[in-house]
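S.K.: model this:
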Amino acid sequence: MRRSLAENWFPCQQEWLRLRRRIRTFTHRDDAEDHLQTALANYYERSQGQVTHPEAYITRSALNLHLNDLKKAASGSLSTTGDQEQILELRDPAPSQEEAYAASQRMARFHEGCRQLPERTRQAFLLNRVEKMKYREIAVALGISESSVEKHIAKALVFLSSWMDQ
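M.R.: Alright, predicted model coming up:
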C-alpha cells in the first residue's frame, strides 16, 4: 500500500530531495523538479502493482520527460539557455515590405516587356504561360502552325529575359 504523504512527511521529503538531486544530476537543468512532479503524478495514476520498482520508474519517467523537452527544443520551437526559455527568431514566411515592393516592380517591368512584344508573339506567349494551352491548341486558336507557335514563344522568352536583365 502506498504511504500517505501526510503520515510520514520527513522521510517523503528526504526521498523527494534525493530523487530531485538525481534527476538534476542527469539533466543539468532547473526544470528537474517539474519533470519529477509529472513523473510522480504518472506513477500515482497507474494501478497498484503495475510498477514493481517505483523509484526506477519515477526516475526513468522524469528523464524521458527531459528528453522530450530537448527534442522539442531541437525541432526549432524553443531554445533553452540556462534558466530562461527563449523563443527562437523565426522568419515570417510572408515576404517583407521591401521584398513585396521589389516583386511588384519586377512584375510591372514584366508587363511593360509583354506590351513591347509583337501582337502575335504576345498572344502565343500568354496563351501558353497564362492560359496553360498546349502548342497545338494555340496553333488552332491563332490559325498558325505549331512550328510558328514554338518560334513565337521562343522569341518572347529571349526578349523578356533580356528585357528583365536591363
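S.K.: wait, is Ser47 part of a strand?
M.R.: No - Ser47 is assigned coil when assessed by DSSP: H, G, I helix; E, B strand; the rest coil, not a strand.
S.K.: From Pro54, how far off is it?
M.R.: Going from Ser47 to Pro54 by C-beta to C-beta, to the nearest Å gives 13 Å. Bear in mind the C-beta positions are built from the backbone N, C-alpha and C, glycine included.
S.K.: next helix or strand past the lowest-mean-pLDDT helix or strand in the chain?
M.R.: Across the helices and strands of the chain, mean confidence by mean pLDDT, DSSP states H and E is lowest for strand 84-86: a mean of 46. Heading C-terminal from strand 84-86, the first helix or strand you meet, by DSSP states H and E, is helix 97-116.
S.K.: in that next one, what's buried?
M.R.: Of all the residues in helix 97-116, those buried under the rule 16 or more other C-beta atoms under 10 Å are Gly113, Cys114.
S.K.: Tell me the buried residues in stretch 159-166?
M.R.: Within stretch 159-166, the residues that qualify as buried are Phe159, Leu160, Trp163, counting by 16+ other C-beta under 10 Å.
S.K.: what's the closest of these to His35?
M.R.: Set against His35, the nearest of these by C-beta to C-beta is Leu160 (60.4 Å).
S.K.: Val158: which element?
M.R.: According to DSSP H and E, Val158 maps onto helix 146-165.
S.K.: mean confidence for that helix?
M.R.: For helix 146-165, the mean per-residue pLDDT is 94.
S.K.: ok, now stretch 126-140?
M.R.: The average pLDDT for stretch 126-140 rounds to 94.
S.K.: what about that stretch, how long is it end to end?
M.R.: Counting by C-alpha to C-alpha, to the nearest Å, you get 15 Å between the two ends of stretch 126-140.
S.K.: and the angle for the helix holding Val158 with helix 97-116?
M.R.: Here helix 146-165 runs at an angle of 140 degrees relative to helix 97-116 (axes from the mean of the first three to the mean of the last three C-alpha atoms, to 10 degrees).
S.K.: who's in contact with Tyr57?
M.R.: When contacts are counted by C-beta atoms under 8 Å, 6 or more residues apart in numbering, Tyr57 touches Ala39, Tyr43, Val51.
S.K.: For the closest residue in space to the first one that isn't next to it in sequence, give its distance to Ala41.
M.R.: So that's Ala39. Leaving aside its sequence neighbours, Ala39 sits nearest to Ser61 (C-beta to C-beta, 6 or more residues apart in numbering; 3.6 Å). As judged by C-beta to C-beta, Ser61 and Ala41 stand 10 Å apart.
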